[in-house]
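Q: Sequence and predicted structure are below.
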Amino acid sequence: MKQSEVRERAFAMPLTSPAYPPGPYRFYNREFLIITYRSDPEKLRAVVPEPLELAEPVVRYEFIRMPDSTGFGDYTETGQVIPVTFQGRKGGYCHAMFLNDDPPIAGGRELWGFPKKLANPTLHTEIDTVVGTLDYGPVRVVTGTMGYKHKALDAKTVATALAAPNFLLKIIPHVDGTPRICELVEYYLEDITVKGAWTGPASLALNPHALAPVADLPVLEVVSATHILTDLTLGLGKVVFDYLR
């Protein structure tokens, strides 16, 4: 294979059989269960990287069911998002993510810098309850519940919230183990169609785990919960801060 061919083909690893195809990445019938809870402000400040600033001492714990995503397949994801500000703009910092599908783990980490790890999350409706769980190996780490479609929410308001900026800390090491890329990345969800959105009573339990330490941001009080069904596109990002310069 000639050098020019390598340059033309090298968009992802491995070279001759990439783990994921080029985008765009469109998601159909993407389902969210988002439980917002109040947490310890000092522990939140300890994990939010400058120049981001903590907006309020809450965490959005998200379960996301993705049955039809172009290039990535059928999978489920879960994790914690912390409300932040950057240069006066409000957004969300993605602190932790766990999912059960290799292509979006590889693509998410390599393209955007999503903090993705392999685990086994679920999101489903059990009779009158929306239920989200996270298992890391045989250990139950998270259980979230919400009453099913108790009250409808305004679709435009929900779409506006989903369209807010999101921030990631992208880290790719050099071959000697030192950081070669260490950047703050901004990205957006685009072309959003909200098919339905609801709220209801909710609960969230986080259990300690050495390799899935979501309980390090403890639940002090559940503030609200939202159940959303949508189509959207995961937009590519841009670098807004370089820690190595």
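A: Alright, I've got the coordinates. Residues are numbered from 1 along each chain as shown.
Q: So F11, which state does it fall into?
A: Of the three states, F11 takes coil under DSSP: H, G, I helix; E, B strand; the rest coil.
Q: Hmm, it is touching P22, no?
A: Yes - counting by CB atoms under 8 Å, F11 touches P22, with 6.0 Å between them. (Each C-beta comes from the backbone N, C-alpha and C, glycine too.)
Q: correct me, but G235 touches I192?
A: No - using CB under 8 Å as the test, G235 is too far from I192 to be in contact (10.5 Å).
Q: so what does the helix or strand containing Y93 touch, helix or strand wise?
A: Here Y93 sits within strand 89-99, counting by DSSP states H and E. With contacts taken as 3 or more CB pairs under 8 Å, 6 or more residues apart in numbering; DSSP states H and E, strand 89-99 sits against strand 73-86, strand 116-118, strand 166-173.
Q: Turn the ones you listed into CSV, including mean pLDDT.
A: Converted to CSV, these look like this (pLDDT from 0 to 100):
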stretch, mean pLDDT
strand 73-86, 98
strand 116-118, 98
strand 166-173, 97
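Q: Just the angle for the strand holding Y93 relative to strand 166-173, thanks.
A: Put simply, strand 89-99 runs at 60 degrees to strand 166-173, going by axes from the mean of the first three to the mean of the last three CA atoms, to 10 degrees.
Q: Output strand 89-99 as PDB - backbone C-alpha positions only.
A: Written as PDB, here are the backbone C-alpha positions of strand 89-99 (Å, rounded to 0.1, in the frame of the first residue of the first chain):
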ATOM      1  CA  ARG A  89     -22.500  30.300  27.600                       C
ATOM      2  CA  LYS A  90     -24.500  27.600  29.400                       C
ATOM      3  CA  GLY A  91     -23.900  23.900  28.400                       C
ATOM      4  CA  GLY A  92     -23.200  20.500  29.700                       C
ATOM      5  CA  TYR A  93     -19.900  18.700  30.500                       C
ATOM      6  CA  CYS A  94     -20.000  15.000  29.900                       C
ATOM      7  CA  HIS A  95     -18.300  13.500  33.000                       C
ATOM      8  CA  ALA A  96     -18.800   9.700  32.500                       C
ATOM      9  CA  MET A  97     -20.400   7.400  30.000                       C
ATOM     10  CA  PHE A  98     -20.900   3.600  29.900                       C
ATOM     11  CA  LEU A  99     -22.300   1.600  26.900                       C
END
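Q: Which positions in that strand come out as buried?
A: If you call a residue buried by 16 or more other CB atoms under 10 Å, then strand 89-99 has these buried ones: 91-99.
Q: can you map out the helices along this protein?
A: Assigned by DSSP state H, the helices in the chain fall at 3-9, 41-47, 102-107, 155-162.
Q: what does the second one contact?
A: Residues outside helix 41-47 that contact it (CB atoms under 8 Å, 6 or more residues apart in numbering): 54, 57, 59, 82, 95, 216-218.
Q: Please, a ChimeraX command that selects the buried ones among these?
A: A single ChimeraX command suffices to select whichever of the contacts of helix 41-47 are buried according to 16+ other CB under 10 Å:
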select :54,57,59,82,95,216,217
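Q: Among the contacts of helix 41-47, which are located in strands?
A: 54, 59, 82, 95 (DSSP state E).
Q: Quick check, pLDDT for the second one.
A: Right, the one you point to is V59. For V59, the pLDDT comes out at 98.
Q: which residues does it bridge with?
A: Y37 (DSSP bridges).
Q: thought it was touching G92?
A: No - using CB under 8 Å as the test, V59 is too far from G92 to be in contact (10.0 Å).
Q: Spit out the residues that contact these two alike.
A: Common neighbours of V59 and G92, counting by CB under 8 Å, 6+ apart, are 81-82.
Q: Quick one: work out the angle between the strand holding Y93 and strand 73-86.
A: Using the same axes, to 10 degrees: strand 89-99 against strand 73-86 is 150 degrees.
Q: circling back: just so I know, which of the helices of the chain lies nearest E31?
A: For E31, the closest of the helices of the chain is helix 155-162, at 12.7 Å, according to CB to CB.
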